[in-house]
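Engineer: Sequence plus the predicted model coming up.
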Amino acid sequence: MEAHDRPVARTGTGQPRISGTRRALLLGGAALAGNTALAARLWQLQVVESDAYLEQAAQNRARTRPIQPLRGLIYDRNREPLVANAPVFSVWLSPADLPPEREGPVLANLAVLTGERPDDLRFKLSQARLAPDTPARLARAVPRESALTIEERRRDLPGISVRTSTRREYAYGDVLGHIMGFTGPIPAEEVEAYRRQGVRFDEDIGLSGVERSLQAQLRGRDGEQRLETDAFGRDLHELAFTPPQVGQHAVLTVAVNEQQAIREILARHLALRDRGAGAVVVLRPDTGDVVAMVSLPDYDSNIFTRGASSENFALLVSDPRRPLINHTVSGLYPPGSTYKVIAASGALEAGVVLPQSKIHCDGRLILPSGWAFDDWLPEGHGLVDLQRAIAESCNIYFYNVSGGNPYTRLQGLGNRRLAEFERSFGFGERTGIDLPGEASGLVPTSEWKNKNLQQPWVTGDTYHAAIGQGLVQVTPLQIASMYAAIGNGGRVMRPRLIDRMLDQHGNVAERIPPRVRSVLPITESNLRLLQTGLYRAVNEPQGTGPRARSSHTVVAGKTGTAEYSGQRDSEGRLPSHAWFAGYAPAEQPDYAFAVLVRDGGEGAFAAAPIARDIIDYLMTGDMPPLPQDRPDFISPDRRL
Amino acid sequence: MIIRLARIEWPTVISTVALVAFGVLMLSTTADPNTTGLQNQAVQKAVLGVVGLTLAFAMAHIDYRALHGVAGPVYLLGVAALILVLLVGDFDLGARRWFEIGPIVVQPSEFMKLAAVIALAKYLADRSDAPRSLRTVVVSLGIMVVPAGLIFLGPDLGTALIFGAIWMAMVFVAGARWWHLLLPIVAALAAFPFAWFFAQDYMRQRFVTFLDPSSDPLGAGYNVLQARISIGSGGWLGHGLGQGSQSQLEFLRVRDTDFIFAMLGEQLGLAGTLGLLGFFTLLIVQALVIGLRARDMFGRLLAIGIAAMLFTQSFVNIGMNVGVMPVTGITLPLVSLGKNSLLVTLVAIGVLLSIHSHRAAAPFRQQSMHVVRGSLPSTPPRGLSDL
């Protein structure tokens, strides 16, 4: 018997001594201590921290589901719908219902069923986990069979569901690809930026074209549904509902039929070449409205939203002509002789020459430094005045008026003033068209050359700039805009692609008025001289652009043959882009245009006929005959 | 009859009834409203509670010392049932724990708890002359390890560990050396490699889950978090009976059994949880007091064992609900849904009542016993064959 054992419970008589009393009391103390600890913990949970848990319980129970508005539609000038929201199956995830341990197999299954890349799915899942209560879209536009399989296997795919959503279906995706662009998932690196604008990571956004530039208006604003849900994600009832604000519809300035025809005309001419590439911009000179905008080769917008078959896409990406780029706004080229009117107008305005002043052209100008600058006509044009210089595209004349002539002591316009005039025509900066990815081009100056090439500016640089060669870089849209300004009396218009925005009932929500970017610093009489020069270039026997002559109207314009550094041909000539830019009718023009055939050779032969066919079409509404059916057809194989 | 009722330990009965009532109340808020009568789980529980209490009162009138005689057979029967359930029991979620005999589900492990307490009390009381010997400790441990091991193979590690806790309390009060109490831990560590070798994969998995709940693919971590949210959101007075989104919308899973306490916390708040904890504390303290007042070592150890059984189960379950104990699948005695557990617990409380009503100040009928035992204080009673 242990010493501490004492008799207890002596309520009766002669109670025996039972051991373990002290130890039993100890156990009782331990039990009391344990339950006191539990009571303390309950106090902590239910009194001290209660508010936080109430909050969590509320979050458990209510889910906020954003309701995405339908994306706005896009119409052409004649209210022809260019895009529709077609129903598709998409795969959604309720992040809270997918236990982290099951992520691996579920994602692996989904990758097989949807054809999405496992890495993409993993990224989306990690994004979705940031807001566990909000369903997120993992895959869009899955085939019907996959959707059915996913539905059947719901038990193996916790948190995964199939819903119908929409994808963009472009009615004229093939002819309007560059203008419309397409929608698609947000690139990973832009997810954060879009999130700040209230756009969820799993949405489709406009990735190029108008779809991108009008993203905010077309998208509209999310609505919100607050639902009470049980632990299995079943919606019990709605707590609150805010309707979404449907996206606005856009009406473009282009008409599908014109765009289609003009694209076809360019395509026919390019088809005569091996791997032909080119661009056309047609504007309304008075308003800057875009009538047509074609960059070939191009793509069909639908291949992106249908889930591009990868071979097609690979072909587009690997093509050295870069068909995914809209070369009318993003392509940079030397403008060649189409640029000469700038030096001409500058020289007139600055009083470097009088309109009737004649300069002798013997086909070559050799500077004292030894550098020789050639005309395109080896025997020279003789004595030329300004109008003839434009009409016949005499290089020597423009060398003289821009960079001066050390032998005749003619003081040229000089680099600085020439650059000012280039800018006044809208070069060196974006036109401001409603399209993404517009390039600003380059107006070269001595500062720019010093800074970027660490070389001093020489007279030759001014010569080259005057004839649109050397460092000058422009987009076809800028050239079209310049000729529109010359044609409309001197107003440089912002090219207008969007005419108006409509609300969901079809009422005008916003009109986008034509906007004058700047007014040419050229007197009316001087402008008249330029216009006449451009008229003569097309319509006089010695002009460079007779092939642009239309039998339906009078065309004014300028050829350009812009050499660029590349592989020289058998006769040692550099490759060149062919240009033709101008407007028609010459008096009161309805259209201004720029035509570029990349690596097309001579503007007079490669580009001018395209301009003629386009003007013929626009004037009559009829497709012109095939280029090879014309009596004056010259095959592009025969380079001159 | 009146005299006998006077000898009933009323605080024990009241706290028992209160705890069963808590359970019925909670089950009534989750029962399928389409069920009627005996289909309804709350009604079933209430009916079974009445049956169980009747059994307990009946037990109170039987002299607990009768259990001394049947301890052996009852124990062997329980072990046999455990072996049988392992061989032919119904299989669910990787566990063989019960038989289904028609509509009745029999869970031998629940009955084994009481059977083992009785057997251990008998053995320790019989050997109360040598409580400090190693032999007493080892044999008593053996008595517990056999059923605990079979239950562990079930697999149900939680219940198996409850046996360990009961053993420790009883052997401690019986007077074992302090360091002998560590024996089962040493034994478990020694046996572990063999058990691991023979264990099935799912058993190993469950063991790993026990050690690390976050590894549970069914989301034990989820349940623990939801339980904490439920309890915490209850606040002072709770959301009211049948209210509370956590339990009503089933964010709280296994709310009828393992996590019934969390449901109570959400619906009745701190008032409810402290009330329930208070009744448990009262019940356990009463059990200990009954043990202290018991007329002999057998009665005392029996009461201690039952007190340990009630305390360990309630403490582990509530601790799991409030997030201070691991998830083990131990239910809350008397409160949780679970008919076997309810019946066995009520019978155990009946045993307590019997120990109380047959304590020292018993009517003359039992005084002859005192004389016998008082006259031979150093002689260990050899069973109750002299009764």
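Structural biologist: Sure, I can see it.

Engineer: What residues does the stretch 51-200 of chain A have near chain B?
Structural biologist: Contacts of the stretch 51-200 of chain A with chain B, taken as Cβ under 8 Å from any Cβ of the partner chain, map to A:52, A:53, A:54, A:56, A:57, A:58, A:60, A:61, A:99, A:101, A:102. To be clear about C-beta, it is placed using only N, CA and C from the backbone, and glycine gets the same treatment.

Engineer: how many neighbours does residue B:8 have?
Structural biologist: Residue neighbour count, defined by other Cβ atoms under 10 Å in any protein chain shown, stands at 15 for residue B:8.

Engineer: helix/strand/coil for it?
Structural biologist: Secondary structure assignment for residue B:8 (DSSP: H, G, I helix; E, B strand; the rest coil): coil.

Engineer: Tell me the spacing between it and residue B:352.
Structural biologist: Distance of residue B:8 to residue B:352, given as Cβ to Cβ, to the nearest Å: 11 Å.

Engineer: do the same with residue B:233
Structural biologist: Counting by Cβ to Cβ, the gap from residue B:233 to residue B:352 is 36 Å.

Engineer: Residue B:69: neighbouring residues, count only.
Structural biologist: Using other Cβ under 10 Å, residue B:69 has 14 neighbouring residues.

Engineer: Likewise for residue A:402?
Structural biologist: Using other Cβ under 10 Å, residue A:402 has 28 neighbouring residues.

Engineer: If we ignore the residues flanking it in sequence, what's nearest it?
Structural biologist: Closest residue to residue A:402 apart from its sequence neighbours, by Cβ to Cβ, 6 or more residues apart in numbering or on different chains: residue A:466 at 3.5 Å.

Engineer: which residues sit in contact with that neighbour?
Structural biologist: A:339, A:340, A:342, A:343, A:398, A:399, A:401, A:402, A:403, A:413, A:418 (Cβ atoms under 8 Å, 6 or more residues apart in numbering or on different chains).

Engineer: what do you get if the cut-off is 7 Å, keeping everything else the same?
Structural biologist: When contacts are counted by Cβ atoms under 7 Å, 6 or more residues apart in numbering or on different chains, residue A:466 touches A:340, A:343, A:398, A:399, A:402, A:418.

Engineer: what do you get for residue B:227?
Structural biologist: By Cβ under 7 Å, 6+ apart, the contact set of residue B:227 is B:252, B:259, B:262, B:321.

Engineer: Check what pLDDT the third one gets.
Structural biologist: Pointing back at residue B:262 there. Residue B:262 is assigned a pLDDT of 90 by the prediction.

Engineer: any low-confidence regions in the chain?
Structural biologist: You didn't pick a chain, so chain A it is. Scanning chain A with the threshold set as pLDDT under 70 gives A:1-17, A:133, A:230-236, A:307-311, A:637-640.

Engineer: if you could check chain B rather than the one you did, that'd help
Structural biologist: Chain B contains residues with pLDDT under 70 at B:1-6, B:89-97, B:154-155, B:199-221, B:360-387.

Engineer: how does it look with 50?
Structural biologist: B:1-3, B:217-218, B:362-387 (pLDDT under 50).

Engineer: give me the number of residues near the residue of the stretch 101-250 of chain B found nearest chain A?
Structural biologist: Closest to chain A within the stretch 101-250 of chain B is residue B:232: 2.7 Å, counting by Cβ to the nearest Cβ. Residue B:232 has 29 neighbours, counted by other Cβ under 10 Å.

Engineer: Now do the contacts for it.
Structural biologist: For residue B:232, the contacting residues are A:45, A:46, A:49, A:50, A:52, A:53, by Cβ under 7 Å, 6+ apart.

Engineer: From residue B:276, how far off is the second one?
Structural biologist: It refers to residue A:46. 13 Å.

Engineer: Now the residue in the stretch 51-200 of chain A positioned nearest to chain B: phi and psi?
Structural biologist: Taking Cβ to the nearest Cβ as the measure, the point where the stretch 51-200 of chain A comes nearest chain B is residue A:53, at 2.7 Å. Torsion angles at residue A:53 (phi, psi; degrees, to the nearest 10) stand at phi -70, psi -30.

Engineer: and residue B:271, that's in a helix?
Structural biologist: Yes. Under three-state DSSP, residue B:271 falls within a helix.

Engineer: and the residue nearest to it when sequence neighbours are not counted, how many neighbours does it have?
Structural biologist: Leaving aside its chain neighbours, residue B:271 sits nearest to residue B:237 (5.5 Å; criterion: Cβ to Cβ, 6+ apart). Residue B:237 is flanked by 13 other residues according to other Cβ under 10 Å.

Engineer: And what about residue B:237, helix, strand or coil?
Structural biologist: For residue B:237, the assignment made with three-state DSSP gives coil.

Engineer: For residue B:268, see how far away it is.
Structural biologist: The spacing between residue B:237 and residue B:268, counted by Cβ to Cβ, is 7 Å.

Engineer: Over to residue B:149?
Structural biologist: Taking Cβ to Cβ, one finds residue B:149 at 39 Å from residue B:268.

Engineer: And what about residue A:89, helix, strand or coil?
Structural biologist: With three-state DSSP as the basis, residue A:89 sits in strand.

Engineer: OK, contacts around the residue nearest the centre of chain B?
Structural biologist: Geometric centre of chain B, nearest residue: residue B:309, 4.3 Å, by Cα atoms, centre = their mean. Each residue near residue B:309 by Cβ under 7 Å, 6+ apart is listed here: B:113, B:117, B:166, B:348.

Engineer: Need the nearest residue in space to the most centrally placed residue in chain A, chain neighbours excluded.
Structural biologist: In chain A, the residue lying closest to the centroid (Cα atoms, centre = their mean) is residue A:436, at 3.3 Å. Spatial nearest neighbour of residue A:436, excluding adjacent residues (Cβ to Cβ, 6+ apart): residue A:212 at 4.5 Å.

Engineer: How many residues are close by that neighbour?
Structural biologist: By other Cβ under 10 Å, 19 other residues sit near residue A:212.

Engineer: Helix, strand or coil: sort out it for me.
Structural biologist: Recorded secondary structure, residue A:212: helix (three-state DSSP).

Engineer: Ok, residue A:261 next?
Structural biologist: Using three-state DSSP, the structure places residue A:261 in helix.

Engineer: Do I have it right that it meets residue A:624?
Structural biologist: No. Taking contacts as Cβ atoms under 7 Å, residue A:261 lies outside contact range of residue A:624: 9.4 Å.

Engineer: which residues are in contact with both of the two?
Structural biologist: residue A:617.

Engineer: elements contacting the host helix or strand of residue A:558?
Structural biologist: Using DSSP states H and E, residue A:558 sits in strand A:556-563. Helices and strands touching strand A:556-563, by 3 or more Cβ pairs under 7 Å, 6 or more residues apart in numbering or on different chains; DSSP states H and E, are helix A:524-539, strand A:576-584.

Engineer: Tell me which of these lies nearest to chain B.
Structural biologist: The nearest among the helices and strands packed on strand A:556-563, by Cβ to the nearest Cβ, is strand A:576-584 at 65.1 Å.

Engineer: Direction included, what does that closest one pair up with?
Structural biologist: Strand pairing for strand A:576-584, using DSSP bridges, gives strand A:556-563 (antiparallel), strand A:591-598 (antiparallel).

Engineer: now those strands in TSV, with mean neighbour count?
Structural biologist: Listed next are those as TSV, based on neighbours: other Cβ atoms under 10 Å in any protein chain shown:
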stretch	mean neighbour count
strand A:556-563	28
strand A:591-598	30
